[in-house]
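Asks: Curious how this folds, go ahead:
(one chain, ligands or ions: 1)
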Amino acid sequence: MAARQEKKLAEERNHQNMQNGTKASQGQWGRAWEVDWFSLASILFLLVFAPLIVYYFIMSCAQYQCSLTDPLLDLLRGNKHLSDIWDRTPMLTSGAAGIYFLWVTFQVFLYMSIPDFCHKFLPGYVGGVQEGAVTPAGVVNKYEINGLQAWIITHVLWFANASFLHFFSPTIIFDNWIPLLWCANILGYAVSTFAMIKGYFFPTNAKDCKFTGNFFYDYMMGIEFNPRIGKWFDFKLFFNGRPGIVAWTLINLSFAAKQQELYGEVTNSMILVNVLQGIYVLDFFWNEAWYLKTIDICHDHFGWYLGWGDCVWLPYLYTLQGLYLVYHPVQLSTAHALGVLLLGLLGYYIFRATNHQKDLFRRTNGNCRIWGRRPEYIECSYTSVDGARYYSKLMTSGFWGWARHFNYTGDLMGSLAYCLACGFEHILPYFYIIYMSILLTHRCLRDEHRCSSKYGKDWKRYTAAVPYRLLPGIF
Ligand code: NDP
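Replies: Alright, predicted model coming up:
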């Protein structure tokens, strides 16, 4: 079996590396081959606690008006037992299971059955069949980019229902929020477990599988690089984009509808959260072809981290601001609202412009203009598993000359704006900026470790030319 052979090869490779005293050699850039104790401990922590964290946040809103401390204090003081909290938690219902099943099936249908038509009439939009980056095994996958179309069709139907069809209430998502959480968990665990089994027994590309020998690490970080069913059903592209990100804006709309139902108005804070996060989501789909070149698709393997994360973590924790505003309908002063809007738009501009500069630079192989000038760059090379040598370039001008991850800085500014829209009464809506700061700092370090293994001394030349990671002059 190809995957077994690859597993054996991986073990031999690890053994050889240990003998040679090297951690990364030719073609081994990508996810770790060896698992240190810290990584293992972090993974075990996340596997156990991440689902509990999601439950805790959602339960705090449903039972404690979004206070994160009150449930703990109640438990510590003996006012409540865990069973009291659990007994008040809505269970899985057949209604929620039906909604979730229809939702995922509809998204699979849109993904698989309707080739992209948006690129035929939207100037500047790149859709249809596109190629991903070269994998460590030297494979170039093709993708059907039709996320924008799926997003538009889904939202047109949503608004048609809310305006005149009235098949269901637009508050349907909020009204089933906890029962839907159980459905999302079932799908998240099912898809991660399936991906693990598939990696062992019928991988899409055995040479791009990675086995560390540690069950938990492999389950969490994934074995297969680009698992697929058939030629086109790509797990990474589907799960990240469709049940997670298409849902993001619908969830926010449902929260706004709930505010309207409960208070007879939608607050300016809710509108800001809907608009700013809506821009971010639309940007994602407008640039879905670009997304094929981001770390998620280019470097991460598909395991629980992406599978469960896309089904549960993303839709439930990225939407906390909207959920909070249902329980706390904050009406911001004009100055506060304008400040949030400006910060959000500036963050978005930096995020998009920085990503665009890199994309343009890579697409044109440096034959472009950045801020009206020819880009500056460092030539670098790397080797894939089969020993083939490739050449690449790292840009050192534009925003990429200010810091090595200025796109993350813009993303963080936008994230902070969503949180600030919720006022200052509770910490819960600020979870997003805390989480994004940890995620993007960790991602930054992880990416740099990988790039350093990939490019070797060329990466050192690059970090000497652009010494800061996120904040010029500081970090
Ligand atoms: P990047 O788009 O920054 O991609 C990093 C890769 O770009 C590196 O691995 C390297 O790849 C290449 N690269 C690095 N430096 C340069 C350079 N100077 N010139 C040219 N190429 C370079 O990272 P991500 O994929 O992590 O993020 C993409 C966007 O998505 C970011 O804006 C981020 O904020 C956002 N994001 C949002 C998340 C969310 O949950 N909201 C989560 C994660 C990301 P190579 O091997 O090709 O050289």
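Asks: State the distance from the residue of the stretch 251-400 of the chain found nearest the ligand to residue 263.
Replies: Nearest residue of the stretch 251-400 of the chain to the ligand (C-beta to the nearest ligand atom) works out as residue 294 at 3.1 Å. To be clear about C-beta, it is placed using only N, CA and C from the backbone, and glycine gets the same treatment. From residue 294 across to residue 263, the span is 39 Å (C-beta to C-beta, to the nearest Å).
Asks: how about the residues of the stretch 201-350 of the chain that lie near the ligand?
Replies: Residues of the stretch 201-350 of the chain lying near the ligand by C-beta under 6 Å from any ligand atom: 294-295.
Asks: before we move on, the earlier item: looking at residue 294 and residue 263, which has the bigger crowd around it?
Replies: Remark: of residue 294 and residue 263, residue 294 carries more neighbours, 17 against 12, as counted by other C-beta atoms under 10 Å.
Asks: ok, now how distant is the more buried one from residue 51?
Replies: As for residue 294, its distance to residue 51 is 26 Å (criterion: C-beta to C-beta).
Asks: same question, residue 253
Replies: From residue 253 over to residue 51 the distance is 26 Å, taken as C-beta to C-beta.
Asks: ok, the two, which is more surrounded?
Replies: residue 253 (21 against 17).
Asks: Can you pull out the low-pLDDT segments for the chain?
Replies: 1-34 (pLDDT under 70).
Asks: for it, longest helix please?
Replies: Counting residues, the longest helix found in the chain (DSSP state H) is helix 334-363.
Asks: That one packs against which elements?
Replies: Under the contact criterion of 3 or more C-beta pairs under 8 Å, 6 or more residues apart in numbering; DSSP states H and E, helix 334-363 touches helix 268-286, strand 389-395, helix 399-402, helix 406-420.
Asks: Mind listing what's buried along the longest one?
Replies: Of the residues in helix 268-286, those buried by neighbour count under the rule 16 or more other C-beta atoms under 10 Å are 268-274, 276-277, 280-281, 283-286.
Asks: Show me what secondary structure element comes after that helix.
Replies: Heading C-terminal from helix 268-286, the first helix or strand you meet, by DSSP states H and E, is helix 288-291.
Asks: List of residues touching that following helix?
Replies: Contact partners of helix 288-291, identified using C-beta atoms under 8 Å, 6 or more residues apart in numbering, comprise 126-127, 130, 145, 147-148, 241, 284, 297, 355, 359.
Asks: Please apply the same query to stretch 119-132.
Replies: If you take C-beta under 8 Å, 6+ apart as the criterion, stretch 119-132 is touched by 115-116, 118, 140-146, 148-149, 226, 286, 288-290, 292-293, 297-298.
Asks: Make a ChimeraX selection of the buried ones in these.
Replies: Burial among these is assessed by 16+ other C-beta under 10 Å; the matching ChimeraX selection reads:
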select :116,118,141,143,144,145,146,148,149,226,286,288,289,290,292,293,297,298
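Asks: Which members of the contacts of stretch 119-132 occur in strands, if any?
Replies: 140-145 (DSSP state E).
Asks: Need those in TSV (columns: distance to residue 155).
Replies: TSV is the format used below for the ones in strands among the contacts of stretch 119-132 (distance: C-beta to C-beta, whole Å):
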residue	distance to residue 155
140	32
141	28
142	27
143	22
144	20
145	18
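Asks: where do the strands sit along the protein?
Replies: Secondary structure of the chain, counting by DSSP E: strands at 128-134, 140-145, 228-229, 233-234, 377-383, 389-395.
Asks: in its sheet, what does the fourth one sit against?
Replies: The reference is to strand 233-234. strand 228-229 (antiparallel) (DSSP bridges).
Asks: ok and the residue in the stretch 51-200 of the chain nearest the ligand?
Replies: Counting by C-beta to the nearest ligand atom, the stretch 51-200 of the chain gets nearest to the ligand through residue 133 (6.3 Å).
Asks: how about the nearest residue to that residue once chain neighbours are set aside, what does it touch?
Replies: Spatially, and ignoring its direct neighbours in sequence, residue 133 is nearest to residue 298 (4.6 Å; C-beta to C-beta, 6 or more residues apart in numbering). Residues in contact with residue 298 (C-beta under 8 Å, 6+ apart) are 132-133, 292.
Asks: same thing but at 10 Å, please
Replies: Applying C-beta atoms under 10 Å, 6 or more residues apart in numbering to residue 298 gives the contacts 30, 132-136, 225, 291-292, 450.
Asks: Determine which two of the residues you listed are furthest apart.
Replies: Spatial extent of the contacts of residue 298 (C-beta to C-beta) is set by the pair 136 and 291 at 19.2 Å.
Asks: Quick check: of the buried residues of helix 268-286, which lies closest to residue 40?
Replies: Distances from residue 40 to those, taken by C-beta to C-beta, are shortest for residue 284, at 32.1 Å.
Asks: Looks like the closest one contacts residue 248 (just checking).
Replies: Yes: assessed by C-beta atoms under 10 Å, residue 284 is found in contact with residue 248 at 9.0 Å.
Asks: any shared contact partners between those two?
Replies: residue 151.
Asks: Can you report how many residues neighbour the closest residue to residue 380 other than its chain neighbours?
Replies: Spatial nearest neighbour of residue 380, excluding adjacent residues (C-beta to C-beta, 6+ apart): residue 458 at 3.4 Å. As a burial measure, residue 458 scores 18 neighbours (other C-beta under 10 Å).
Asks: same check, this time on residue 176
Replies: Applying other C-beta under 10 Å, we find 19 residues neighbouring residue 176.
Asks: what does the one 4 residues further on give?
Replies: Residue 180 is surrounded by 26 other residues when neighbours are defined as other C-beta under 10 Å.
Asks: residue contacts, the nearest residue to residue 465 once chain neighbours are set aside?
Replies: In this structure, residue 465 finds its nearest non-sequential neighbour in residue 396, 4.7 Å apart by C-beta to C-beta, 6+ apart. Residues in contact with residue 396 (C-beta under 10 Å, 6+ apart) are 375-378, 404, 461-462, 464-466.
Asks: repeat that for 7 Å
Replies: Counting by C-beta atoms under 7 Å, 6 or more residues apart in numbering, residue 396 makes contact with 376-378, 462, 465-466.
Asks: What about these, which one has the most neighbours?
Replies: residue 462 (22 neighbours).
Asks: Look up how far the ligand lies from that residue.
Replies: Going from residue 462 to the ligand by C-beta to the nearest ligand atom, to the nearest Å gives 7 Å.
Asks: What residues does residue 178 make contact with?
Replies: Residue 178 neighbours (C-beta under 7 Å, 6+ apart): 58, 62, 89-90.
Asks: And the buried ones among these, selectable in ChimeraX?
Replies: Per 16+ other C-beta under 10 Å, the buried members of the contacts of residue 178 correspond to this ChimeraX selection:
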select :58,62
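Asks: quick one, phi psi at residue 214?
Replies: phi -110, psi 120 (degrees, to the nearest 10).
Asks: right, and it touches residue 43 too?
Replies: No: in this structure, residue 214 is not within contact of residue 43 by C-beta atoms under 7 Å, at 8.5 Å.
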